[in-house]
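Asker: please work out how this folds:
(one chain, ligands or ions: 1)
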Amino acid sequence: MIEARDLHKAFGAVTAVDGVSFVARDGEITGLLGPNGAGKTTTLRMLYTLMRPDRGEVLVDGIDAAGDAAAVRRRLGVLPDARGLYKRLTAYENIEYFARLQDIDADTRRRRIDALVAALDMRDIVDRRTEGFSQGQRVKTAIARALVHDPRNVILDEPTNGLDVMATRAMRTFMLRLKQEGRCVLFSSHIMQEVGALCDRIVVIARGRVVADAAPEALREQTGAATLEDAFVKIIGSEEGLAA
Ligand SMILES: Nc1ncnc2c1ncn2[C@@H]1O[C@H](COP(=O)(O)OP(=O)(O)OP(=O)(O)O)[C@@H](O)[C@H]1O
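Answerer: Numbering: from 1, shown residues only. A predicted model of the protein is given here:
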């Protein structure tokens, strides 16, 4: 379980995150949805301990990130916005390097990497150096690397960004599989259809604040909109109206 409690973050005069609170539960997919610049990446960065909040708390499986960041990191698998692979290493070596950093023994390493390579359908690329990889191939490698220590909680920053239709579908299937395994899956997106199709819960963020937090169907009903996309536009529109 991942919990954001009243998170705040400013960069000079820019308030990126302004009191964000929500809970992402185990066995559910939670979508953080918002327009460009809403504060999604900044929120996720605080959740995965890359960035310290100015104020507020992050709890992962009840552990306070400010108190024990290392324990929180062990419980998290993260696909950051910058996918960053070692280009001279093969995909396998990239994944294995992270497994070694987590002190995973050789047998377990091999077993887990084989399982991830099969699940992500990356047998044809696993022994290639990552230099020159396509966007989709990079994302797969970065996800396998993020999950090699078998974390209970998974944070994905715009996981389908730059992927083609087939790769996007495969990514969605993979996320549903993580959910079925009982993990807590939290991802960011600005694509309404994607969030609507996948999520048990949608947290809508605009101008650094949570403006809605509900199941997709409830969100539609609350706004009286015909489609989720209309609901989203209504929610964001009213927020901007309020702030103007
Ligand atoms: N390191 C930084 N320095 C200065 N400003 C920043 C920094 N990181 C984020 N911001 C600002 O904070 C705000 C929120 O940015 P953030 O990247 O969290 O939004 P986002 O919702 O992820 O947007 P997008 O969908 O465009 O990726 C923006 O106004 C952005 O310019």
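Asker: partner residues bridging the spatially most central residue of the chain?
Answerer: When Cα atoms, centre = their mean is applied to the chain, the residue found nearest the centroid is L156 (2.0 Å). With DSSP bridges applied, L156 shows beta-bridge pairing to L79, F187.
Asker: so Y86 sits against N94, correct?
Answerer: Yes - contact status for Y86 versus N94: in contact at 5.6 Å, counting by Cβ atoms under 8 Å. Just so you know, the C-beta spots here come from the backbone N, C-alpha and C atoms, and that holds for glycine as well.
Asker: so what sits against both of these two?
Answerer: T130 (Cβ atoms under 8 Å, 6 or more residues apart in numbering).
Asker: looking at those two, which has the bigger crowd around it?
Answerer: N94 (23 against 13; other Cβ atoms under 10 Å).
Asker: quick revisit: isn't the residue nearest to the centre of the chain up against R183?
Answerer: No - counting by Cβ under 8 Å, L156 does not reach R183; the two are 11.3 Å apart.
Asker: up against the ligand, what does this structure have?
Answerer: Proximity of the chain to the ligand, by Cβ under 6 Å from any ligand atom, involves residues F11, V14, A16, G34, N36, G37, A38, G39, K40, T41, T42, H190.
Asker: swap in 5 Å and give it another go.
Answerer: F11, V14, A16, N36, G37, A38, G39, K40, T41, T42 (Cβ under 5 Å from any ligand atom).
Asker: make a PyMOL selection of the buried ones in the residues you listed.
Answerer: Typed into PyMOL, the line below selects the buried ones among the residues of the chain next to the ligand, using 16 or more other Cβ atoms under 10 Å:
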select buried, resi 16+38+39+40+41+42
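Asker: among the residues of the chain next to the ligand, which pair sits farthest apart?
Answerer: F11 and N36 (15.8 Å; Cβ to Cβ).
Asker: do a quick rundown of the strands in the chain.
Answerer: Assigned by DSSP state E, the chain shows strands spanning 2-11, 14-24, 29-33, 55-60, 63-64, 76-79, 153-157, 184-189, 201-206, 209-214.
Asker: mean confidence for stretch 7-24?
Answerer: In this model, stretch 7-24 carries a mean pLDDT of 97.
Asker: meant to ask about stretch 74-91
Answerer: 90.
Asker: could you shift the numbering so residue one becomes 310, and keep it that way?
Answerer: Sure, I'll start counting at 310 from here, so that last one is stretch 383-400.
Asker: buried set for it?
Answerer: R384, L385, G386, V387, L388, P389, R392, L394, L398, T399, A400.
Asker: ditto for stretch 528-542
Answerer: For stretch 528-542, by 16+ other Cβ under 10 Å, it's L528, R529, T532, A534, L537, A540, F541.
Asker: now do the domain split for the protein, please.
Answerer: As given by automatic domain parsing, the domain ranges for the chain are 311-384+462-552, 392-459.
Asker: the residue nearest to the centre of the chain: what's it in contact with?
Answerer: So L465 contacts V387, L388, I452, M484, V494, L495, F496, S497 (Cβ under 8 Å, 6+ apart).
Asker: how near is it to the ligand?
Answerer: 13 Å (Cβ to the nearest ligand atom, to the nearest Å).
Asker: check P389 too.
Answerer: 12 Å.
Asker: my read: that residue touches T358, true?
Answerer: No - with contact defined as Cβ under 8 Å, P389 does not reach T358; the gap is 11.5 Å.
Asker: can you list contacts of stretch 479-490?
Answerer: 336-338, 428-430, 448, 452, 456, 463, 465, 468-469, 472, 494, 496, 503, 506-507, 509.
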